[in-house]
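Engineer: Need coordinates for the below:
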Amino acid sequence: MNSHVAVVTHRGRRPYNQDTPLTAAIDTAQGALHLLAVLDGMGGMRAGDRASQLASQVFVAELREQLKDAEPEDFILREAIEAAAHKAHDDVYNEGQAEPEKHGMGTTLVAALFKNDRFVVGNVGDSRAYLYDPSDRSLMRLTRDHSLREEAVRVGALSEEEAARSPLSHALTRSVGSGPKPEVDLFPEPEGWYQLPPGGLLMLCSDGLNNGAEDDRLRELIEGSENADAAAEHLMRAGYHGGSRDNITVVVMAHPDYRKTRPLDNVPPPIEEVQNDLPITDVTIGGPPVEEPPRSPWGLATLILMLLALIVLFYLLGIRPMLGMLESESADALAQAGQGLPALLASWSRLLPLA
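Structural biologist: Reported below is the predicted structural model:
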C-alpha cells in the first residue's frame, strides 16, 4: 500500500517547541513496518524538548531491537511497543535524576505501528490518535487521555463542563520519564488490528491541536483537504487560530485513495513564521545539544504558588469528600490518579506563563 505520510509541527504561541514528531522504518523478519509517533515534552525551558527528543530516539532504537528477528503479529507488536516505551521512560527518568535542572522532565507518547494497511496504537499521556473513515464520515478517537480531567469525568467526579473550566484540565496522570513506570494503553482492545479504510486517514497529534479545535472542526478539515500535506497543514493552522497556546504537532497517514470529499469554506489562514523545526524522518542516538533559551527568574516562584493552589483546589472542589460518595470502584480509579503525581507536577510546566 502506497500511503502518504505528512508531518507538521509549530511552536504556536510559545518561544520554543517541545513537541517531537516521528516517522521511521522498523525492520522485521517479514519486511519493514512503518512507525508514526508524536511526543509532547514537559518539564521547563530546557527539559521538555530534551525529554521528547531523547524518548523518541530510545523508543525507535528499542523497537528495532525488539522486532529485528520477530514475526510481526499484533501481540508481538504490542509487547514491543510497551517494552520500548518503558525503556524510553527509564532513560528519560535516569537523565532527569542525574541532572538537577532536568529533574521531573517527561513526555507524552502516542505511536502507531503499521504492517501494510493494518496498525496498532500505543499511548501514554494526552497526545491523541484519530481515525477518519469516509464511508460513514466518522472521526473516531482511538486513545484515552491520561489526565486529571479525563479521570475525573470518567468516574463521575466532574462533568465535562466543570472539567473544561478546571485549571487542572491538562495535568497528566501518566507520562514517559516522570514518576513510576507508566502503564501503556494499547489499542484496539483487547487484541487485533485497526484497518486504514479506503480513502481514510490516521492522525496523531499533540494536545495543542485539541486545545484550539473541536473534533467536528477536525473532521471538516480532513474532508475538505486535497491531500495529506494539505490536511496536516490545515489542522495545525486551525489549532493555532482556534486559540491554542501550546505547541501543535500533527502527523497523518493517508490511504492512497484519500482525497477531498467536501468543500472547505473556512480555510484556516497561514501562520506567520511557520516553524517545521522537528520533522524527524529517521533518528540516531545522540546529536548536538539544543541551545537553551534564557530562563525566567519567576518560574520557580510561579510553580510553587500554582502547586499550593492545586492543593487548595482539591479541598475547595471537594475531591476528597466526593471519593466517599462514589462507588468503591470509581473511588479507587480516581485515587489511583494520585499515583501519577510526579507526572502531574511536571505537566504543570505546560501551564506556566512563559518569559
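Engineer: For L39, which non-adjacent residue is closest in space?
Structural biologist: Beyond its immediate neighbours in the sequence, the residue positioned closest to L39 (C-beta to C-beta, 6 or more residues apart in numbering) is S52, lying 4.0 Å away. (C-beta placed from N, C-alpha, C; glycine too.)
Engineer: Does that neighbour belong to a helix, a strand or coil?
Structural biologist: Secondary structure assignment for S52 (DSSP: H, G, I helix; E, B strand; the rest coil): helix.
Engineer: separation between it and S127?
Structural biologist: Relative to S127, S52 is positioned 10 Å away (criterion: C-beta to C-beta, to the nearest Å).
Engineer: So those two - more neighbours on which side?
Structural biologist: Just comparing S52 and S127: by other C-beta atoms under 10 Å the higher neighbour count belongs to S52, 36 against 28.
Engineer: who touches the residue nearest to L39 in this structure?
Structural biologist: S52 sits next to Q18, D19, T20, L39, D40, G41, T107 when contact means C-beta atoms under 8 Å, 6 or more residues apart in numbering.
Engineer: so what's in contact with S52 and S127 at the same time?
Structural biologist: The contact sets of S52 and S127 overlap at L39, D40 (C-beta under 8 Å, 6+ apart).
Engineer: ok, back up a step: closest one to E62 out of the contacts of S52, please.
Structural biologist: If you rank the contacts of S52 by distance to E62 using C-beta to C-beta, L39 comes first, at 14.1 Å.
Engineer: Check which helix or strand H89 maps to.
Structural biologist: Mapping H89 onto the secondary structure by DSSP states H and E places it in helix 74-98.
Engineer: residues making contact with the next helix or strand after that helix?
Structural biologist: On the C-terminal side of helix 74-98, the nearest following helix or strand under DSSP H and E is strand 106-107. Residues from elsewhere that reach strand 106-107, judged by C-beta under 8 Å, 6+ apart: 20, 39-43, 48, 51-52, 55, 92, 96, 125, 172, 175-179, 342-343, 346-347.
Engineer: Report the rounded mean pLDDT for strand 106-107.
Structural biologist: Average pLDDT, strand 106-107: 98.
Engineer: So what's the gap between it and the chain middle?
Structural biologist: The chain centre lies 10 Å from the centre of strand 106-107; the measure is C-alpha atoms, centre = their mean, to the nearest Å.
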